[in-house]
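Visitor: Take a look and give me a structure for this.
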Amino acid sequence: MHLKKHSLFQYTWPIFIELLLQILIGNIDQMMIAADSQNGVAAIGNANTIFNFLIIMFSVISLAMSILVTQYIGSKQEEKVSQTYVLSLLVNLVIGLIIAFILIQFQVAIFSWMQLPHEILNDAKTYLTIIAFGLPIQAVYLTYVTMFRTQGWMKQTMLITTLVNVLNIFGNYLLIFGIGPFPALHVAGVAISSVVSRTFGLFILMYCFKRQYQYPLSIHQIGADWSIQLKKILSIGLPSAGEGISYDLSQIVIMKVVNGFGTAVINTKIYVSIFATFSYVYANAISQAAQIIVGYLVGARKYEETHTQVMKTMIYSVVISILISTILYLSSDFVLSFFTNDPYVLSLGKQIFFIEIFLEIGRAVNMTMVRVLQACGDIQFPVTLGIVSMWGVAVVLSYIFGIYLQLGLVGVWLAMACDELFRAVLFIIRWFQGGWKSKNLISAS
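Guide: Numbers count the residues shown, from 1 in each chain. A predicted model of the protein is given here:
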C-alpha cells in the first residue's frame, strides 16, 4: 500500500457525481410522493430530520476510521489498516442495531416533542419504522463506502451508489402508486424501496472490496490490542462526530419551531432545503476529497503542501457555492414549481433562496475547515465551536427572529445564515494560527 497521488480533482469528481445523483434521485423521490400526498412530503421531511440526526452516530466510527487509515497509509503503517477496517465494521453494526431499537421504541415520544401535526403523524411513524429495520444494513453500507474512499477507490462507490439510487427510484415507482401486481403503499413504499435497494448495494460493495483489497478481512485481524485501537477510534470519532450531531440535533429543534408555522411553511422549508443541497453539493464533495488527501499529507508530515491544498479547496468551494445558490434564487419560481404552484409557497421560497446565498458562503468554508482540521487531528475545536454557535446563534436566533419578531421562516433562515458565517470566520482564524501542525494522531513509523 502506497501513499496516494494528491490530485484534488481526481478525488473530487466521483464523489461529486455520487452526491449529485443522490440529490437528483432524492428530489425525484420527493416529487413522486408529492404527487401522491402533500402530507406525505411533510411526514417524510420530519422523519428524515430525526433519521439524519441518528445516522450521524455511524460517522463516529467511520469518520475516525477514515482519519486514522489515511494517516496510517501516509506513514506506511499498513498492518494497522485492516485491523481498523474490521473493528469499524463490527462496531457500526452494533450501533445500527441499537439505533434501530431506539427509533422503533421511542418514535411516538419524539414526534410528540417535535409537535408534529396530527394529520401527518401516522405517515411519519410508518416511514420511520420501516427505515429503522434497515439501519444495521445502512450502518455497514456507509462503513464500506468510507473504506473504499480511504483507498482512493472513488469511482467504484460512485457507480455502486448510482445503481442503488436507480433501483430506489424504480422501487418507488412500483410501490408508491402500485404498478401491476404491486400494491399502492404510498409513504411505506418509499421506505421499503430505500431499504431493499440499500441491501442490494451492500452486497455489491462487499464483493468488490473483497476482490480489490490485497489483504482478506477477518475477525482475527482485530488482534489482542483491539480495546486500545477501539479507544483510539472513539477518542477521535466521538468529538469529530459531535459537530455533525450538534448540527442535526439543532435542526430538530429548529424544525420544531417551523412546525408551529403550519403545513405550508413546513413544506416550503423542505422544498427549499432539497434544492439548497445543490448549492453545497460541490463543497461537500471537495471537502470529503480534501479530508482524505490531507490525512495522507499530515501522516507524511508535508505541512506546507497541506496548507496549499486547504486554501485551494476553500476557494473552489466558496466560488461554486455562490454561483449555484445565486442561480437557484434567480430561478426560484421555476424550480419550486416542480413541487407546488401555491403562490404563498413560491413567494416565501424566493425570500429564503436569497438568504441562502449568504448562508452558503459560510457553509462552504465550514465544510472544508471542519473536515481538514479533523484530518489533521485538531478534533476538539470544530465540535466546541459547532455546539456553541449552532445553539447559541442558530437556535436562539431562530426563536428570536422567527417567533418573537414574527419573521417566521425568513427569521429562521436568517438565524441559520448568522450561525454559518460566524463559524466560518473563526475557522479561518484557527487555520492560520497553525496549531493543527502539532495535532498528528499517530506516531511516525
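
Visitor: If you count neighbours, what's buried in stretch 402-419?
Guide: By neighbour count on 16 or more other C-beta atoms under 10 Å, the buried set for stretch 402-419 is 402, 407-419. The C-beta positions use only the backbone N, C-alpha and C, and glycine is treated the same way.

Visitor: tell me the mean pLDDT for that stretch?
Guide: Confidence for stretch 402-419, expressed as mean pLDDT, is 94.

Visitor: can you list the residues that contact it?
Guide: With C-beta atoms under 8 Å, 6 or more residues apart in numbering as the test, stretch 402-419 has contacts from 254, 257-258, 260-261, 265, 268-269, 348, 351-352, 355-356, 358-359, 362, 389-390, 393-398, 400-401.

Visitor: ditto for stretch 367-379
Guide: 63, 67, 70, 236, 239-240, 243, 280, 283-284, 286-288, 290-292, 294-295, 298, 306, 310, 313-314, 317, 381-382, 386, 424, 427-428, 430-431, 435-437, 439-441.

Visitor: still on that earlier bit, going through the contacts of stretch 402-419, which ones are buried?
Guide: The buried subset of those (16+ other C-beta under 10 Å) comprises 254, 257-258, 261, 265, 268-269, 348, 351-352, 355-356, 358-359, 362, 389-390, 393-395, 397-398, 401.

Visitor: Select, from the buried residues of stretch 402-419, the two members most distant in space.
Guide: Greatest spatial distance in the buried residues of stretch 402-419: 408 and 419, 17.8 Å, computed using C-beta to C-beta.

Visitor: so where's the stretch 1-150 of the chain uncertain?
Guide: Low-confidence segments of the stretch 1-150 of the chain, defined by pLDDT under 70: 1-6, 22-31, 35-37, 52-53.

Visitor: For it, which segments are assigned as helices?
Guide: 8-36, 38-74, 79-113, 118-133, 135-150 (DSSP state H, counting those that start in this stretch).

Visitor: Of those, which is nearest residue 343?
Guide: Residue 343 lies closest to helix 38-74 among the helices of the stretch 1-150 of the chain, at 15.3 Å (C-beta to C-beta).

Visitor: so residue 99 makes contact with residue 54?
Guide: Yes - counting by C-beta atoms under 8 Å, residue 99 does reach residue 54; the two are 5.0 Å apart.

Visitor: hey, what's in contact with both of these two?
Guide: residue 135.

Visitor: Of the contacts of stretch 367-379, keep whichever come out buried.
Guide: Applying 16+ other C-beta under 10 Å to the contacts of stretch 367-379 flags 63, 67, 70, 236, 239-240, 243, 280, 283-284, 286-288, 290-292, 294-295, 298, 306, 310, 313-314, 317, 381-382, 386, 424, 427, 430-431, 436-437, 439-441 as buried.

Visitor: quick revisit: filter the contacts of stretch 367-379 down to just the ones in helices.
Guide: 63, 67, 70, 236, 239-240, 243, 280, 283-284, 286-288, 290-292, 294-295, 298, 306, 310, 313-314, 317, 381-382, 386, 424, 427-428, 430-431 (DSSP state H).

Visitor: sorry, back to before: mind putting the buried residues of stretch 402-419 into CSV with secondary structure and distance to residue 158?
Guide: Formatted as CSV, the buried residues of stretch 402-419 follow (DSSP: H, G, I helix; E, B strand; the rest coil; distance: C-beta to C-beta, whole Å):
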residue, secondary structure, distance to residue 158
402, helix, 39
407, coil, 41
408, helix, 39
409, helix, 35
410, helix, 37
411, helix, 39
412, helix, 34
413, helix, 32
414, helix, 36
415, helix, 35
416, helix, 30
417, helix, 31
418, helix, 35
419, helix, 31
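
Visitor: would CSV of the residues you listed with distance to residue 83 be doable?
Guide: Putting the buried residues of stretch 402-419 into CSV (distance: C-beta to C-beta, whole Å) gives the following:
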residue, distance to residue 83
402, 48
407, 53
408, 52
409, 48
410, 51
411, 50
412, 45
413, 45
414, 47
415, 44
416, 40
417, 43
418, 44
419, 39
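
Visitor: in the stretch 251-400 of the chain, which segments are predicted with low confidence?
Guide: Judged against pLDDT under 70, the stretch 251-400 of the chain has no low-scoring part.

Visitor: Walking through it, point out its helices one by one.
Guide: Counting by DSSP H, counting those that start in this stretch, the stretch 251-400 of the chain has helices at residues 263-299, 303-330, 332-336, 343-376, 380-389, 396-397.

Visitor: now for the first one, which elements pack on it?
Guide: By that I understand helix 263-299. helix 8-36, helix 38-74, helix 135-150, helix 226-259, helix 303-330, helix 332-336, helix 343-376, helix 408-433 (3 or more C-beta pairs under 8 Å, 6 or more residues apart in numbering; DSSP states H and E).

Visitor: and the fifth one, how far from the chain's centre?
Guide: Averaging C-alpha coordinates over helix 303-330 and over its chain gives two centres that are 18 Å apart (C-alpha atoms, centre = their mean, to the nearest Å).
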